[in-house]
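Student: From the sequence below, what's the structure:
(one chain, ligands or ions: 1)
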Amino acid sequence: MMAVKPSTLKPSALAYVPFVSVENMMKLVHAHGVEAFITGLAAVIEEDFKRWPEFDKTPRVASHSRDGVIELMPTADAENYGFKYVNGHPKNMREGYQTVTAFGVLSSVANGYPILLTEMTLLTALRTAATSALVGKYLAPKGAEVMAMIGNGAQCEFQAMAFRALCGINRLRLYDVDPAATDKAERNLLAQGFEVVRCTSPEAAVEGAQVITTCTADKQYATILTDNMVGAGVHINAIGGDCPGKTELHRDILLRSDIFVEYPEQTRIEGEIQQLEPDHPVTELWQVMRGEVAGRRDAKQITLFDSVGFAIEDFSALCYVHGLIADGQFCEMLDLLADPDDPRDLFGMLTRAA
Ligand code: NAD
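Tutor: Got it, this is the predicted structure:
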């Protein structure tokens with residue numbers, strides 16, 4: 001690896017690609033503060049959602065296996081192309097691995113050269129949380145103060161930090177089937193100044209909550225929330241059901257809710273709404289953000305963000321990080337692309353190195 005700063009690169013040195021390692025991503029986030037980083041990222045996601053028609057869009061390319069899924073998530077606008085490689089393996093956690101890991105690439109559409117390679121395991125948790133809280137800003141009931149969090153794994157604290165930063169929610173009610181996960185989340189969240197209540201059942205967790213976040217991982221049609229647990233006026237932020245055959249909510253909840261989605265073509269395959277008829281009405285969030293259709297209309301309405309995670313959120317995150325490392329900090333330069341003096345003499349470059 002070369003210690004070359006992007007600002008000192010000659011055009012021929014485009015072959016060197018900035019790389020943000022996990023260590024540098026952590027330094028970058030801390031340099032801004034977690035909540036400020038998420039707030040900045042949410043603003044970029046919101047801008048990109050507002051210019052939705054400008055993007056090439058496709059449901060992600062998923063390779064399913066018995067225990068999980070490996071996915072590629074591409075999108076592009078006129079200037080940049082981005083993709084994320086991400087897995088989802090619920091069993092990993094029991095074996096000491098992350099359920100979700102990821103890395104991503106941003107490229108220039110003009111010449112196809114990558115301009116960023118970065119870790120995206122942390123960045124996915126940050127962008128998922130930023131998106132959830134951004135949607136919460138549009139859909140959560142006014143004055144919401146309490147959020148139930150069912151599933152206290154890797155995504156949990158990021159979600160909490162984002163909902164505090166964007167929606168002002170500081171009171172949390174935690175539940176996980178595994179008390180050790182709640183121990184971990186409680187410890188981390190108390191250290192961040194949250195008011196935390198541990199709950200012994202999902203029914204107890206949702207008591208008095210205006211926002212309910214479900215972020216569990218199980219490769220099955222699970223019923224984390226049953227119909228009788230969801231009262232009028234709540235906002236449900238359902239992030240764990242994001243794969244065919246993997247859902248969290250009882251179907252009856254969906255029938256009582258106004259459902260908001262990222263990209264219907266992908267969500268109908270992967271989200272909670274895979275349980276419904278293919279033409280069940282849903283609202284696209286970009287249209288809510290542009291003010292073209294209503295978000296929350298009244299205090300009794302149940303709103304549901306059926307989150308699966310869409311490529312544009314990763315694209316926003318890649319562009320955001322690319323902007324933050326423009327001065328050459330928090331990255332290394334990778335010798336990633338072959339760069340012969342004569343572009344046609346690739347073979348000559350190889351033989352001269354012998
Ligand atoms: P994780 O494995 O770290 O945590 C999941 C937690 O859920 C674990 O603590 C587990 O004990 C708990 N759990 C499982 N079944 C439960 C149940 N019935 N009731 C209560 N708790 C239960 O996983 P993670 O990284 O936090 O991800 C959580 C989910 O979010 C995964 O399904 C993942 O695929 C999904 N996800 C979605 C997005 C998105 O954009 N929508 C992004 C990232 C992750």
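
Student: which residues in the chain form helices?
Tutor: Using DSSP state H, the helices of the chain run over residues 22-32, 34-50, 121-139, 156-167, 179-191, 202-206, 251-256, 264-270, 285-289, 311-324, 346-352.

Student: low pLDDT regions in the protein?
Tutor: The chain contains residues with pLDDT under 70 at 1-13.

Student: what does it have sitting close to the ligand?
Tutor: Contact residues, the chain versus the ligand (Cβ under 6 Å from any ligand atom): 88, 93, 99-100, 124, 128, 150-155, 176-178, 181, 215-218, 222, 224, 239-240, 242, 307-309. C-betas here are computed from N, CA, C, even on glycine.

Student: Show me those residues that map onto strands.
Tutor: Among those, the residues falling in strands (DSSP state E) are 88, 150, 222, 224.

Student: with these in mind, which one is nearest to the ligand?
Tutor: When these are ranked by distance to the ligand (Cβ to the nearest ligand atom), residue 88 comes first, at 4.2 Å.

Student: which residues does that closest one contact?
Tutor: 68-69, 71, 99-100, 217, 242-243 (Cβ atoms under 8 Å, 6 or more residues apart in numbering).

Student: what would those look like in JSON lines with neighbour count and distance to residue 207?
Tutor: Conversion of those to JSON lines gives the following (neighbours: other Cβ atoms under 10 Å; distance: Cβ to Cβ, whole Å):
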{"residue": "68", "neighbour count": "19", "distance to residue 207": "34"}
{"residue": "69", "neighbour count": "20", "distance to residue 207": "34"}
{"residue": "71", "neighbour count": "23", "distance to residue 207": "36"}
{"residue": "99", "neighbour count": "18", "distance to residue 207": "28"}
{"residue": "100", "neighbour count": "23", "distance to residue 207": "29"}
{"residue": "217", "neighbour count": "24", "distance to residue 207": "24"}
{"residue": "242", "neighbour count": "25", "distance to residue 207": "27"}
{"residue": "243", "neighbour count": "21", "distance to residue 207": "29"}
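
Student: And these, which two are furthest apart?
Tutor: Taking Cβ to Cβ, the two most distant members of the contacts of residue 88 are 71 and 217; they sit 14.8 Å apart.

Student: Just give me the residue right at the centre of the protein.
Tutor: The centroid of the chain falls nearest to residue 128 when counting by Cα atoms, centre = their mean (2.3 Å).

Student: what sits against that one?
Tutor: So residue 128 contacts 155, 158-159, 239, 307, 309, 313 (Cβ under 8 Å, 6+ apart).

Student: what's the answer for residue 287, then?
Tutor: Per Cβ under 8 Å, 6+ apart, neighbours of residue 287: residue 293.

Student: That one and the ligand, how far apart?
Tutor: As judged by Cβ to the nearest ligand atom, to the nearest Å, residue 287 and the ligand stand 19 Å apart.

Student: From residue 157, how far off is that residue?
Tutor: Remark: distance between residue 287 and residue 157 (Cβ to Cβ, to the nearest Å) = 31 Å.
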